[in-house]
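K.L.:
got a sequence here, can you build the structure:
(one chain, ligands or ions: 1)
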Amino acid sequence: WRSLCGNIGYGDKSYTPNGFNKSFGGITVNLASFKANGDSTKNGLDLLRGPDGQLPQKLRNIDPRLIEQISNEIMDCNAKVCWDDIAGLHHAKKCVNEMVIWPLLRPDIFKGCRSPGRGLLLFGPPGTGKTMIGKAIAGESKATFFYISASSITSKWVGEGEKLVRALFGVARCHQPAVIFVDEIDSLLSKRDSNSEHAASRPIKTQFLIEMDGFNSGNEQILLIGATNRPQALDEAARRRLTKGFYIPLPSAEARAWIVRNLLNKDGLFKLSTEDIDTICKLTDGSDMTNLVKDASMGPIREILEQGAEITNLKMEDMRSVTLQDFKDALQEVRTSVSQNELGKYEEWNNQFGSLS
Ligand code: ADP
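P.N.:
Down below sits the predicted model:
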């Protein structure tokens with residue numbers, strides 16, 4: 001087992017309904033089945049230990065508590081999103097396939113002058129599918145997905161951000177191929193860290209850049225994806241390391257219709273006519289469609305409660321379906337537009353630094 005563990009991170013990996021199979025030197029082990037097969041005491045940390053109770057060499061100097069938190073809270077071995085779940089964005093998907101997914105699937109082919117960048121920046125207005133693309137990259141390339149929002153590094157792991165970053169990359173090294181997705185990356189790698197307000201995050205930023213240099217220069221199968229609504233705030237050193245920058249624009253009318261239909265369908269709430277959907281598409285420009293759908297789907301509940309019904313006695317069959325009017329009401333509450341000025345800034349930045357034309 002020890003020699004097999006020595007290989008951890010380099011084996012072939014495939015997913016099963018119960019977790020994922022990892023093959024070590026020809027022997028396939030279902031890692032999640034450690035849990036499923038009765039040893040419920042095994043957590044993310046235990047799964048990384050060898051029979052002698054030792055962690056892989058790569059994790060020996062890292063706080064086990066952080067490894068455990070990362071394994072349990074940040075890591076997702078079973079990213080299920082695929083390209084078909086994402087509406088529109090055909091050009092971005094095509095480029096991501098070629099520049100990111102193929103190299104993760106076939107590192108033996110994509111080496112030398114074909115070797116890919118290890119850092120990708122997804123930028124654009126909020127709620128346009130950047131996180132979904134990150135998950136789809138992990139899903140399509142059968143990689144382990146690590147999701148962290150930059151603000152949580154400073155708020156949730158107060159005083160431990162630097163150690164957390166080291167642990168995050170350490171655990172990812174043991175679960176290759178791995179995709180590390182950092183949401184709001186601008187707040188971690190921003191230009192403005194010279195004033196005292198941002199001074200506390202400086203060591204985290206330095207650690208981040210060190211880790212990125214580490215895997216950029218090696219043969220590791222790790223991809224870092226940063227997502228931001230404010231690409232202009234990114235520090236030059238970070239931008240250079242995120243070698244590809246993809247603009248994820250607002251969804252087209254067709255994609256907006258798809259998102260509304262899909263979200264409502266998931267909960268069996270879709271009863272809108274084609275004309276209603278067309279009207280919703282005309283009333284929105286595509287920013288944060290999910291929040292709009294969520295708010296609209298509350299309409300029937302709000303209405304029936306206003307009429308005096310009790311939430312505890314509410315029967316599903318007594319509730320009407322979601323209507324166009326619910327969307328119109330939700331539009332009063334939810335901001336679903338981005339100003340031309342903001343869009344212009346994204347386009348300008350894209351022209352200067354983006355990788356998609
Ligand atoms: P971002 O990371 O850009 O802020 P997300 O990827 O978190 O946005 O998207 C938020 C939600 O919006 C998703 O969970 C999904 O339901 C919906 N959504 C946004 N864009 C798309 C898209 N292109 N296709 C399908 N769903 C989308």
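
K.L.:
let me see the contact set for the residue most central in space within the chain.
P.N.:
Central residue of the chain (CA atoms, centre = their mean): Thr131, 3.8 Å from the mean position. By CB atoms under 8 Å, 6 or more residues apart in numbering, Thr131 lies in contact with 147, 181, 183, 227. For glycine as for every other residue, the C-beta is placed from the backbone atoms N, C-alpha and C.

K.L.:
same thing with Pro203?
P.N.:
With contacts defined as CB under 8 Å, 6+ apart, Pro203 is in contact with 161-162.

K.L.:
which element is it on?
P.N.:
Assigned by DSSP states H and E, Pro203 belongs to helix 202-217.

K.L.:
who does the helix or strand following that helix pair up with?
P.N.:
Next helix or strand after helix 202-217 toward the C-terminus (DSSP H and E): strand 222-228. Strand pairing for strand 222-228, using DSSP bridges, gives strand 119-123 (parallel), strand 178-183 (parallel).

K.L.:
ok and the first one relative to helix 202-217, angle-wise?
P.N.:
Read that as strand 119-123. Interaxial angle of strand 119-123 relative to helix 202-217 (axes from the mean of the first three to the mean of the last three CA atoms, to 10 degrees): 120 degrees.

K.L.:
next structured bit after strand 119-123?
P.N.:
helix 130-140.

K.L.:
which helix or strand lies directly C-terminal to that following helix?
P.N.:
Going down the chain from helix 130-140, the next helix or strand is strand 144-149, by DSSP H and E.

K.L.:
which strands or helices does that next one pack on?
P.N.:
If contacts are counted by 3 or more CB pairs under 8 Å, 6 or more residues apart in numbering; DSSP states H and E, strand 144-149 sits against strand 75-76, helix 130-140, helix 161-173, strand 178-183.

K.L.:
from the chain's centroid, how far away is whichever helix or strand comes after the last one?
P.N.:
For strand 178-183, the succeeding helix or strand toward the C-terminus, using DSSP H and E, is helix 185-188. For helix 185-188, the distance from its own C-alpha centre to the chain's C-alpha centre is 15 Å (CA atoms, centre = their mean, to the nearest Å).

K.L.:
how about helix 185-188, does it reach the ligand?
P.N.:
No - judged by CB under 6 Å from any ligand atom, helix 185-188 and the ligand are separated, with a smallest distance of 11.4 Å.

K.L.:
elements contacting that helix?
P.N.:
Helix 185-188 packs on helix 150-155, helix 202-217, strand 222-228, going by 3+ CB pairs under 8 Å, 6+ apart.

K.L.:
could you export the strands paired with strand 222-228 as CSV, including mean neighbour count and mean pLDDT?
P.N.:
Compiled in CSV, the strands paired with strand 222-228 are given as follows (neighbours: other CB atoms under 10 Å; pLDDT from 0 to 100):
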stretch, mean neighbour count, mean pLDDT
strand 119-123, 26, 93
strand 178-183, 26, 92
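
K.L.:
those strands: which one's closest to Lys142?
P.N.:
Ranking those by proximity to Lys142 (CB to CB) places strand 178-183 first, at 10.3 Å.

K.L.:
in the protein, where is pLDDT below threshold?
P.N.:
Along the chain, the parts satisfying pLDDT under 70 run over 1-44, 192-200, 216-218, 336, 356-357.

K.L.:
comparing the helices and strands packed on helix 185-188, which comes out most buried?
P.N.:
strand 222-228 (a mean of 27; mean count of other CB atoms under 10 Å).

K.L.:
export the helix or strand that comes right after that strand to PDB, keeping only CA atoms.
P.N.:
Where DSSP H and E defines the elements, the next helix or strand beyond strand 222-228 is helix 236-241. Output of helix 236-241 as PDB, limited to C-alpha atoms (Å, rounded to 0.1, in the frame of the first residue of the first chain):
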ATOM      1  CA  GLU A 236       0.000  42.500 -12.900                       C
ATOM      2  CA  ALA A 237       2.000  39.600 -11.400                       C
ATOM      3  CA  ALA A 238      -1.300  37.600 -11.000                       C
ATOM      4  CA  ARG A 239      -2.500  38.500 -14.500                       C
ATOM      5  CA  ARG A 240       0.800  37.200 -16.000                       C
ATOM      6  CA  ARG A 241       0.400  33.900 -14.300                       C
END
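
K.L.:
next, the buried residues of helix 236-241.
P.N.:
238-239, 241 (16 or more other CB atoms under 10 Å).

K.L.:
which elements pack onto that helix?
P.N.:
helix 202-217.

K.L.:
CA-only coordinates of the helix it packs on in CSV, if you can.
P.N.:
C-alpha atoms of helix 202-217 as CSV (Å, rounded to 0.1, in the frame of the first residue of the first chain):
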residue,chain,number,x,y,z
ARG,A,202,-0.4,40.4,1.5
PRO,A,203,1.2,37.2,2.9
ILE,A,204,-1.7,35.2,1.4
LYS,A,205,-1.1,36.8,-2.0
THR,A,206,2.6,36.0,-1.8
GLN,A,207,1.9,32.4,-0.9
PHE,A,208,-0.5,32.2,-3.7
LEU,A,209,2.0,33.4,-6.3
ILE,A,210,4.6,31.0,-4.9
GLU,A,211,2.3,28.1,-5.2
MET,A,212,1.3,29.1,-8.8
ASP,A,213,5.0,29.4,-9.7
GLY,A,214,5.5,25.9,-8.2
PHE,A,215,3.1,24.1,-10.4
ASN,A,216,3.6,26.3,-13.5
SER,A,217,7.1,25.1,-13.7
